[in-house]
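**Q** Sequence and predicted model, in that order:
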Amino acid sequence: MNDAMRIYRSGLGLALLVLTGLMVYWLQPILTPFLAGALLAYLGNPLASRLQRLGLNRTLSVSLVFLALAAVAVAVVLMLIPLVGSQLGMLRSQMPAMIEWAQTQALPAIEQALGVDASVIDLNVVRDALSSHWQSTSSIAAGIVQRITQSGFALAGALASLALVPVVAFYLLRDWDRVLAASLALIPARWRDTVAGLGRECDEVVGAFLRGQLLVMICLGIFYAAGLWLVGVQLGLLIGLLSGLAAVVPYLGFIVGIAAATLATLFQFNDWLIPLLLVWVVYGAGQVLESAVFTPLFVGDRIGLHPVIVIFAVLAGGQLFGFAGVLLALPIAAVVAVLLRHAHAFVTG
């Protein structure tokens, strides 16, 4: 009887897990604002709890955190988007000249240095394709905007989804402890302590990655952008931000950034030796700061996610569930990693 009951409960748990996955898949068009709001609430909860421990009530603490997040978001939009837009415009205007430079100077230099024949590479085709793509981008964007504005339902849906994010974030942040307590109360009493312990460990891993790695990415993006700007690289802001975003995977931001910055420096400067050395110094210093300061300070050693797992989780989540899957990918991967470690310890111990 006990074996039959265990099999029944295991089957029921598996069925609930499969049903949850199917629900996420079916409801992904409307899940994004809820997931984005939950992510904001999760990121802001430690600060709200700290303010609450200082003597403020929960609603006031949440309001202050919410206002701070809103102010940061507005500042980023007002300051960063125009700068990035100007950098993209500069990249668009320089793209044909970059392709021409690569065809007439970079490839011959590679042929001479490596002794290979690169004449089969015709970058004119790439230049024509990029030019047509850049020219069509504005018309495509205009067409999308026109379609949205022509359809009242589509416009209302987009505005409603955008407005839902702060609403969901505020109420989840205010009731975060009650939501966790109610969720834990659903667990059978004999499993409650175990589940609570696993939850705390999962929270450490997920929080370290989401909060810590996000801070690492921001710090690296600012450092690389400022360093390249001081060197005089015209596309330094864009390359620096790209390096920061790619830092979600360890060493990927360094590799992508130094490659892009090297090409941009060689293209921009006639006497490129000193600027190139300075660019390499910037990325070398950024790598030292990441490994010696930013990662120990913000992340520590609590993540336990291999870079390959990070890449696979993001790509798999996006492929299966779209943007909602991207938001869920890393938290789920971190939780699965914790559960697998405990399962391995249970089996081998």
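**A** Nice, I can see it. None of the values given here were measured: they were computed from a predicted structure.
**Q** distance of F34 from T295?
**A** Plainly put, F34 is 31 Å away from T295 if you go by Cβ to Cβ, to the nearest Å. Any C-beta I mention is one placed from the backbone N, CA and C, and that applies to glycine too.
**Q** A68 now?
**A** Separation of A68 from T295 (Cβ to Cβ): 25 Å.
**Q** ok, those two, which is more surrounded?
**A** Set A68 next to T295 and count neighbours by other Cβ atoms under 10 Å: T295 wins out with 20 against 12.
**Q** hang on, isn't that one packed against V216?
**A** Yes. In terms of Cβ atoms under 8 Å, T295 counts as a neighbour of V216; the distance is 5.9 Å.
**Q** Now do the helices in this protein.
**A** Counting by DSSP state H, one finds helices in the chain at the ranges 2-26, 28-53, 58-101, 107-114, 123-150, 152-174, 176-185, 189-207, 214-231, 236-246, 252-268, 273-289, 307-348.
**Q** Going by mean pLDDT, which of these comes out lowest?
**A** Sorting those by mean pLDDT places helix 123-150 lowest, at a mean of 53.
**Q** Check the offset of stretch 48-63 from the chain's centre.
**A** Averaging C-alpha positions (Cα atoms, centre = their mean, to the nearest Å) puts stretch 48-63 28 Å from its chain's average.
**Q** Residues in contact with that stretch: which ones?
**A** G44, L64, V65, F170, L173, R174, W176, D177 (Cβ atoms under 8 Å, 6 or more residues apart in numbering).
**Q** Grab the two from these that are most spread out in space.
**A** Distance extremes for the contacts of stretch 48-63: the farthest pair is L64 and D177 at 17.0 Å, using Cβ to Cβ.
**Q** Look at L43 and say how many residues are nearby.
**A** Residues near L43, counting by other Cβ under 10 Å: 17.
**Q** right, and it touches F209 too?
**A** No. With contact defined as Cβ under 8 Å, L43 and F209 do not form a contacting pair (11.4 Å).
**Q** tally of neighbours for L276?
**A** L276: 16 surrounding residues under other Cβ under 10 Å.
**Q** What are the structural domain limits within the chain?
**A** Here the domain parsing of the chain from automatic domain parsing is 32-104+118-186, 188-303.
**Q** Point out the most buried one among the ones you listed.
**A** Burial of the domains of the chain is given as mean neighbour count (mean count of other Cβ atoms under 10 Å); domain 188-303 ranks first at a mean of 17.
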